[in-house]
Structure formats: C-alpha cells, structure tokens
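>>> Here is a sequence with its predicted model. Questions after.
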Amino acid sequence: MKRASLSVLGGVVGILFFLPLLWVVTNSLRPGSETFANLNPLSWQTFLELRPTLTNYSALLNSAIGRATLNSIVVSAATVVIGLAICATAAFGLAAFQFRGRGLVFGIVVLSFLVPFDAIAIPLSTMFRDWHLTNTFAGLVLPGIGNGMAIFLLRQFFLGIPAELVEAARLDGLGWFGVFRWIYLPLSKPALIGAGLMLFLFQWQAYVWPLLIGTDAKHILGPVALSNLQGQNFTDYGLVFAGAVVLTVIPLVVIAGFQRYFVQSVSSTGLK
C-alpha cells in the first residue's frame, strides 16, 4: 500500500512538472495571438492543439535566433573539444604525478567550481575588453575550457586506473605522454563523456557571459537572442516559445544520448 501511494504521488508530481513543458510546446505550435486564449478557464485545449502550425519555427529561421543557435552550437562544441584536452591533461597531472603542493593545487581546483562564475563575470569581462576579446568567438570560449568540476571528475576517475598498468608501460619504454594517450584516455571514455557534457551544458546555458562579451549580431548566442525576442512594447510569445523549445531540445538530445556514460562517470568519483 505504501509503495502504491508513493508511486501515485510520484506520478502526480511528474505530471505537474510535465504540464508546463507541454503548454510551452503546444503554444509554440500556435499563432502568438492565441497563446493565452485558453488559460481561463483551463481545459484540454490549453495543453493540446488540434490545428498545429509551424509558422513560429519557420519565422525563427529568419530571425536572429537562427544564427544565434548556430553560434551556440559552434561555441559549445569548441569548448568541449578544447576544454577536454586541457582538463584531461590537468587531471592526469594531479592523478599520476607525486609533487610538492599537489594537495594545494587540487584544493584550488575544487574551490574554483564552488565559486559561481557569474560572481566573477563582470571583472573578467573588463579584462577581456582590455585584451580586445569582446565580440570574438575566442572570448566566448576561453572562460569555459578550464572547468574545475570537469578536472575533479576526470582526476577521480584516473585514480581508479591500476598503477600496475602504468608501471608495465613505463618498463616497456612508454613515455608519460604515451601513458596518457594509450592507457588513461582509452580507459576513461565514460569520464571524458561526462566531463564533455558538463562543459557543453556550462556553455550552452550561459547567459551573463555572452551578454557581456558577444554583443554584435555575428557573435550573439542563443539564450541572449531568445531574451531579445521579448520587445518593450510587443512580444510574439509564439516565437519566444518556439525558440525556447529549440534551445531545450538540442541539449536534451545530447544528454539523452550520453546519459548512461554520464551516470557511470559520476558514480566513479567516489571510488577513491
């Protein structure tokens, strides 16, 4: 009886979370003038559309958010590729080498992801302006490539790799770079995918930093372009909801595709 009650309660909570998402998707398939037409009173027509239209999605292609979504994909992909190379190398150094101050360096890494990035975004943007990195893709990518949480995740995973494998490789004449390339990386695919997802989501959902650095039309990112759709005197909510759906579906597909690797990588962080 208790299990059944919990199941029913979980189902009700799940529906309550799902209905707002369904409402957003439904209204993205309606003209903007009909967005709030069925809210009072609530009915099944509030959450379902019998005559869906893709007008809002086609309008996105002719708006700034189309280019901004492509920019977000490029910036996020570059952050993942470059960030993984840097974070994996740093994690390897912290896991494989014994040196004085290693604990202090690791403590700084942990501290770095405990500090909210938005707290340092404004002074950091001032530095980037002095370095002439505003309105550049490099300026958008650089803050995301050294992610403390990704380094922590990879370092914890690397600690689980048997030391015997490293010793055998060293005895066979393999250098440290070879150990990193041929032993650590192949055995750490789940952790690399998990860290890559962290880097991707950090960059994809960023708002304050792109707002400060990418201000022109060529470098604007998706979240900023979506907020710009809300005009001062008029807002086409159908277009806004369509943009929100697009910016949600892309990371949702990525997460769904790599979910099992992410869970495996996170669960391994507590092994050592």
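Nice, thanks for sending it over.
>>> if I pick the spatially closest residue to F106 that is not a sequence neighbour, what's in contact with it?
Using Cβ to Cβ, 6 or more residues apart in numbering and skipping the chain neighbours, the partner closest in space to F106 is L94 (5.5 Å). Glycine gets a C-beta too; all of them are placed from N, C-alpha and C. Residues in contact with L94 (Cβ atoms under 8 Å, 6 or more residues apart in numbering) are R102, V105, F106, V109, I151, R155.
>>> I'd like to know how many residues surround the last one.
The reference is to R155. 24 (other Cβ atoms under 10 Å).
>>> do the second one as well
Per other Cβ under 10 Å, the neighbour tally for V105 reads 13.
>>> still on that earlier bit, after the helix or strand hosting the residue nearest to F106, next one along is what?
If you go by DSSP states H and E, L94 is part of helix 64-96. Using DSSP H and E, the helix or strand that follows helix 64-96 in sequence is helix 102-114.
>>> After that following helix, which helix or strand is next? Please name it.
Taking DSSP H and E, what comes next after helix 102-114 is helix 118-130.
>>> Can you mark which positions in that following helix are buried?
A121, L124, S125, F128 (16 or more other Cβ atoms under 10 Å).
>>> The residue positioned nearest the centre of the chain - nearest residue in space that isn't next to it in sequence?
With the centre of the chain defined as its mean C-alpha position, the nearest residue by Cα atoms, centre = their mean is L201, 0.3 Å away. Nearest residue to L201, sequence neighbours excluded (Cβ to Cβ, 6+ apart): P251, at 6.3 Å.
>>> Could I get the buried residue list for the host helix or strand of the one you found?
Following DSSP H and E, one finds P251 within helix 237-267. For helix 237-267, the buried set under the neighbour-count rule, 16+ other Cβ under 10 Å, comprises 237-247, 250-251, 254, 258, 261-262, 265-266.
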